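Participant: Structure of the sequence below:
(2 chains)
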Amino acid sequence: MAPGFKTAEPLEYHRSFLKENCRPDGRELGEFRTTTLNIGSISTANGSALVKIGNTTVICGIKGELTCPPSDAPNKGYIVPNVDLPPLCSSRFRPGPPSEQAQVASQFIADVIDSSNVIQKEDLCIEKGKLSWVLYCDIICLDYDGNLLDTCVVALLAALKNARLPEVTINKETDLAEVNTDKLHHLNVSKHPVSSSFSIFDNTIVIVDPTVEEETLSTAMMTVVTDEDDRLCMLHKPGGSALSGEKLQDCISRAVTRHREVSKLIEKVMDSFEPDK
Amino acid sequence: MAGLELLSDQGYRLDGRKPSELRKVQARMGVFTQADGSAYIEQGNTKALAVVYGPHEVRGSRSKALHDRAVINCQYSMATFSTAERKRRPHGDRKSSEMSLHLKQTFEAAVLTSLYPRSQIDIFVKILQSDGGNYSACVNAATLAVIDAGIPMRDYVCACSAGFVENTAVVDLCHAEESGGGTVMSLALLPRGGQVALVQMDARLHQDHLDALMEAAMTACRSLGQVLDGVVRQHLQEVSVLTAE
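Facilitator: Below is the predicted model of the structure:
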């Protein structure tokens, strides 16, 4: 009876659970799904991370290339994020140019990088006006089960912490760059932004970490990004139903708690990671 | 020409393998929840993912539907970080289109498409890390994914690459061996009947050596077939334990 009801009346099905303050997969309204993290699996990339929040799986690969710094900021490098939602992650995505959702996600990640200062762009400059790094952060979703943005942010953060770039010096005589692949340095990750996504049901009930079914039935979505000093980096609420001020405060405090959980996880994984030479 | 010696005097290759030795294969089925069938395979350092959606109604133009069998739609793409140099165009370039077409032709030979008229089966393959043998890893991963989706096939489709170095046939080439300039042949085989689904070679090879090369590739494919069979059986065992009452 339950599977038939779920397909015929999905909204009523979810409402019947929300009335009891829980969700179809047994979670509480404020509970996140199990988060797993695996770093350094792609050896062709300078840094990589694979993150799963529930069933949503995202892999992030960082590749560094050398280029001239921008003319308006000769002491800075570039960080170029890109989120790819290929048709293999869900049947809702068709092959072709990046969908609107992928472009919005890419812009969101770019904004998180800028607003949270996760990497100082000045650190990416090798020689002012002549040579700097450009970090391509390619985030690919492999399995889409809701809450894409949180997973992307965790993957990006873990991959940046895992990334190691070779030492580059400029030969004074030939004026050419010399890359020393034997000496690898970690990136200086100054801030650790973590995002938490919420979805609003029926204009009143706020749930955390929606699955893809909950996302399609929700009336509004919201994402909060905080950093380790409990400061707000970003608040992203693209339209939808209105939210009262106190509910917003609740969401922000939940985001702060989530930050601590994710930071602990990332630290544990980074400590246990042994790079193979 | 000085440089990497693809085959040493003692008969060992760059990574210490013998000429007829395959790289270590690790595979898992049913890795993703959204897809009808999925599989992940690692052949040495080459990591490939395959995902199958279907059989479902033909998307897009109805005119593409075939009245007596299913349409197989394949898409091959590489992650931008999969190669040593960042790949700027992961899909849509000529190489990816050619690979997608080869995969489509390979699976049209193996899948029992006549059981699903007017429908479409999507096979998406993604290379996460490339170290030679991209086509073979894709075919092997796609075979496991199609089995995971429950779509009937004539037989496993196993693929392997083979090359000819210093009068010895070597199998399962890594990237350094593929780009070394020698002969590279890709072969996709249906092991039980010994039928070749696809063979592709673009390099010069004396026709006397062709038999030896084909034989080496077919033997390698058969061993791969046994490995894939083991993976499927183990997956079924795990699933039946989980779903047993």
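Participant: Count the neighbours of the residue in the stretch 151-277 of chain A that chain B sits nearest to for me.
Facilitator: Closest to chain B within the stretch 151-277 of chain A is residue A:212: 7.8 Å, counting by C-beta to the nearest C-beta. The way it works is simple: take the backbone N, C-alpha and C, and place the C-beta from them, glycine included. Applying other C-beta atoms under 10 Å in any protein chain shown, we find 19 residues neighbouring residue A:212.
Participant: ok, now which ones touch the residue lying closest to it once chain neighbours are set aside?
Facilitator: Spatial nearest neighbour of residue A:212, chain neighbours left out: residue A:146 (4.2 Å); criterion: C-beta to C-beta, 6 or more residues apart in numbering or on different chains. By C-beta atoms under 8 Å, 6 or more residues apart in numbering or on different chains, the contact set of residue A:146 is A:54, A:56, A:209, A:210, A:211, A:212, A:213, A:214, A:215.
Participant: Apply 10 Å and report the result again.
Facilitator: For residue A:146, the contacting residues are A:33, A:53-56, A:197, A:199, A:209-216, A:218, A:221, by C-beta atoms under 10 Å, 6 or more residues apart in numbering or on different chains.
Participant: Residue A:5 now?
Facilitator: A:12, A:13, A:16.
Participant: Select from those residues every entry located in strands.
Facilitator: Of the positions in the contacts of residue A:5, not one sits in strands, assigned by DSSP state E.
Participant: Could you find the closest non-adjacent residue to residue B:102?
Facilitator: In space, residue B:102 is closest to residue B:198, 6.1 Å off (C-beta to C-beta, 6+ apart).
Participant: helix or strand for the one you found, which one?
Facilitator: Using DSSP states H and E, residue B:198 sits within strand B:195-201.
Participant: Buried ones in that strand, by neighbour count?
Facilitator: Within strand B:195-201, the residues that count as buried by 16 or more other C-beta atoms under 10 Å in any protein chain shown are B:197, B:198, B:201.
Participant: For PyMOL, what selects the buried ones among the contacts of residue A:5?
Facilitator: Buried members of the contacts of residue A:5, defined by 16+ other C-beta under 10 Å, are picked up in PyMOL with:
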select buried, chain A and resi 13
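Participant: Okay, and which of the contacts of residue A:5 map to helices?
Facilitator: Under the assignment DSSP state H, the contacts of residue A:5 contribute A:12, A:13, A:16 to helices.
Participant: circling back to that earlier point, so which of the contacts of residue A:146 belong to strands?
Facilitator: A:53, A:56, A:197, A:199, A:221.
Participant: now, which of those lie close to chain B?
Facilitator: residue A:56 (C-beta under 10 Å from any C-beta of the partner chain).
Participant: Tell me which two of the ones in strands among the contacts of residue A:146 sit farthest apart.
Facilitator: Spatially, the most separated pair among the ones in strands among the contacts of residue A:146 is A:53 and A:221, at 15.3 Å (C-beta to C-beta).
Participant: Distance to residue B:160 and pLDDT for the ones in helices among the contacts of residue A:5 - can I get that in a markdown table?
Facilitator: As requested, the ones in helices among the contacts of residue A:5 are arranged in a markdown table below (distance: C-beta to C-beta, whole Å; pLDDT from 0 to 100):
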| residue | distance to residue B:160 | pLDDT |
| --- | --- | --- |
| A:12 | 53 | 88 |
| A:13 | 48 | 88 |
| A:16 | 53 | 88 |
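Participant: Whatever residue of chain A ends up closest to chain B - how many residues pack around it?
Facilitator: Proximity of chain A to chain B (C-beta to the nearest C-beta) peaks at residue A:61, 3.0 Å away. Neighbour count of residue A:61, defined by other C-beta under 10 Å: 28.
Participant: burial count for the residue nearest to it when sequence neighbours are not counted?
Facilitator: In space, and not counting its chain neighbours, residue A:61 is closest to residue B:81: 3.0 Å by C-beta to C-beta, 6+ apart. Residue B:81: 28 surrounding residues under other C-beta under 10 Å.
Participant: From what I see, residue B:81 and residue A:49 are in contact.
Facilitator: No: counting by C-beta atoms under 10 Å, residue B:81 stays clear of residue A:49, with 11.3 Å between them.
Participant: shared neighbours of these two, which are they?
Facilitator: A:42, A:59, A:60, A:61, A:62, A:159.
Participant: out of these, which is most surrounded?
Facilitator: Going by other C-beta under 10 Å, residue A:60 tops the shared contacts of residue B:81 and residue A:49 with 32 neighbours.
Participant: and the helix or strand containing that residue, what does it pack onto?
Facilitator: Residue A:60 is part of strand A:56-67 when elements are defined by DSSP H and E. Where contact means 3 or more C-beta pairs under 10 Å, 6 or more residues apart in numbering or on different chains; DSSP states H and E, strand A:56-67 is packed against strand A:35-39, strand A:47-53, strand A:78-84, strand A:131-143, helix A:148-162, strand A:164-170, strand B:119-129.
Participant: right, and those - which one's nearest residue B:143?
Facilitator: Short answer: strand B:119-129, nearest of the helices and strands packed on strand A:56-67 by C-beta to C-beta, at 9.9 Å.
Participant: is any part of the closest one close to chain A?
Facilitator: Yes: contact of strand B:119-129 with chain A (C-beta under 10 Å from any C-beta) involves B:122, B:123, B:124, B:125, B:126, B:128, B:129.
Participant: Residues of the stretch 151-277 of chain A that sit close to chain B?
Facilitator: Counting by C-beta under 10 Å from any C-beta, the stretch 151-277 of chain A comes close to chain B at A:159, A:212.
Participant: what secondary structure does residue B:224 sit in?
Facilitator: With DSSP: H, G, I helix; E, B strand; the rest coil as the basis, residue B:224 sits in helix.
Participant: Find me the pLDDT at the residue of the stretch 151-277 of chain A closest to chain B, would you?
Facilitator: If you check residue A:212, the pLDDT there is 91.
Participant: so it makes contact with residue A:92?
Facilitator: Yes: with contact defined as C-beta under 10 Å, residue A:212 reaches residue A:92; the gap is 8.4 Å.
Participant: anything in contact with each of these two?
Facilitator: Residues touching both residue A:212 and residue A:92 (C-beta under 10 Å, 6+ apart) are A:144, B:34.
Participant: picking up where we left off before, can you add mean pLDDT and give the helices and strands packed on strand A:56-67 back as TSV?
Facilitator: Putting the helices and strands packed on strand A:56-67 into TSV (pLDDT from 0 to 100) gives the following:
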stretch	mean pLDDT
strand A:35-39	93
strand A:47-53	94
strand A:78-84	93
strand A:131-143	93
helix A:148-162	94
strand A:164-170	89
strand B:119-129	94
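Participant: Looking at those, which is nearest to residue A:7?
Facilitator: Short answer: strand B:119-129, nearest of the helices and strands packed on strand A:56-67 by C-beta to C-beta, at 20.6 Å.
Participant: Which strands or helices does the closest one pack on?
Facilitator: Judged by 3+ C-beta pairs under 10 Å, 6+ apart, strand B:119-129 is in contact with strand A:47-53, strand A:56-67, strand A:131-143, strand B:37-43, strand B:46-57, strand B:71-78, helix B:94-110, helix B:134-148.
Participant: so of those, which one's packed in deepest?
Facilitator: helix B:134-148 (a mean of 28; mean count of other C-beta atoms under 10 Å in any protein chain shown).
Participant: mind listing what the helix or strand just after that one pairs with, with the direction of each?
Facilitator: Downstream of helix B:134-148, the next assigned helix or strand under DSSP H and E is strand B:158-165. If you go by DSSP bridges, strand B:158-165 pairs up with strand B:168-171 (antiparallel), strand B:183-190 (antiparallel).
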